[in-house]
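> predicted structure and sequence below. I'll ask about it afterward.
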Amino acid sequence: MKRVHVAVGVIVNEQGQVLLTRRHNDAHQGGLWEFPGGKVEAGESVVDALARELAEELGISVLASRPLIEVSHDYGDKHVLLDVYLIEKFGGSPAGMEGQPMVWAPVTDLDGYEFPAANVPIVDSVVSTLA
Ligand SMILES: Nc1nc2c([nH]c(=O)n2[C@@H]2O[C@H](COP(=O)(O)OP(=O)(O)OP(=O)(O)O)[C@@H](O)[C@H]2O)c(=O)[nH]1
Ligand SMILES: [Mg+2]
């Protein structure tokens with residue numbers, strides 16, 4: 001089975017809202033909301049991958065991050081290892097560089113969004129850490 005290692009960022013603003021983006025319909029787990037990020041490339045550290053993906057997808061730079069949770073999930077067609085970081089300081093202002101919808105969601109609203117199955121423990125951890 002295909003295995004991917006993914007760097008994921010939970011970006012928090014000064015109001016305590018978290019940034020969600022919506023996956024393109026034709027992507028894996030398409031149409032669902034996600035925390036921005038992407039695959040760690042060969043020879044790249046997770047932190048470097050996170051910085052690269054958030055620059056590519058949102059046009060921001062990561063100024064401070066800390067590990068939040070690691071989630072291993074089997075989708076059947078694909079196994080993902082999500083290395084999730086909390087980002088409390090960033091430079092620039094995030095925009096959907098790839099045309100993806102984006103929203104700042106209050107933590108108390110997260111149960112109103114549809115996420116991929118692997119994200120259940122991530123959302124739980126975001127809620128208990130930030131709420
Ligand atoms: N970025 C991100 N990926 C997630 C989340 N939850 C989750 O299951 N994934 C899965 O992680 C895998 C890799 O993420 P990705 O599609 O963002 O990778 P990428 O940015 O490198 O995109 P690419 O495929 O265009 O190169 C996908 O199979 C996706 O379904 C999430 O919250 N954020
Ligand atoms: Mg991505």
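Perfect, I can see it now. Ligands and ions are numbered 1, 2, ... in the order given.

> going forward, measure contacts between C-alpha atoms and count neighbours the same way
Noted.

> for ligand 2, what is the nearest residue in this structure?
Nearest residue of the chain to ligand 2: Gly38, at 3.9 Å (Cα to the ion).

> quick one: the host helix or strand of that residue near ligand 1?
Under the criterion of DSSP states H and E, Gly38 resides in strand 37-39. Yes. For strand 37-39, a contact with ligand 1 is found by Cα under 6 Å from any ligand atom, at Gly37, Gly38, Lys39.

> can the residues you listed go into a markdown table with extra columns for neighbour count and pLDDT?
Formatted as a markdown table, these follow (neighbours: other Cα atoms under 10 Å; pLDDT from 0 to 100):
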| residue | neighbour count | pLDDT |
| --- | --- | --- |
| Gly37 | 26 | 98 |
| Gly38 | 22 | 98 |
| Lys39 | 18 | 98 |
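
> touching, Ala105 and Leu20? I think so.
Yes. Assessed by Cα atoms under 8 Å, Ala105 is found in contact with Leu20 at 7.0 Å.

> so for those two, which sits in the more crowded spot?
Set side by side, Ala105 and Leu20 show more neighbours around Leu20, with 23 against 18, by other Cα atoms under 10 Å.

> tell me the contacts of that one?
Trp33, Glu34, Phe35, Pro36, Met102, Val103, Trp104, Ala105 (Cα atoms under 8 Å, 6 or more residues apart in numbering).

> the residue of the chain closest to ligand 2 contacts Arg23, correct?
No. Using Cα under 8 Å, Gly38 is not in contact with Arg23, being 11.4 Å away.
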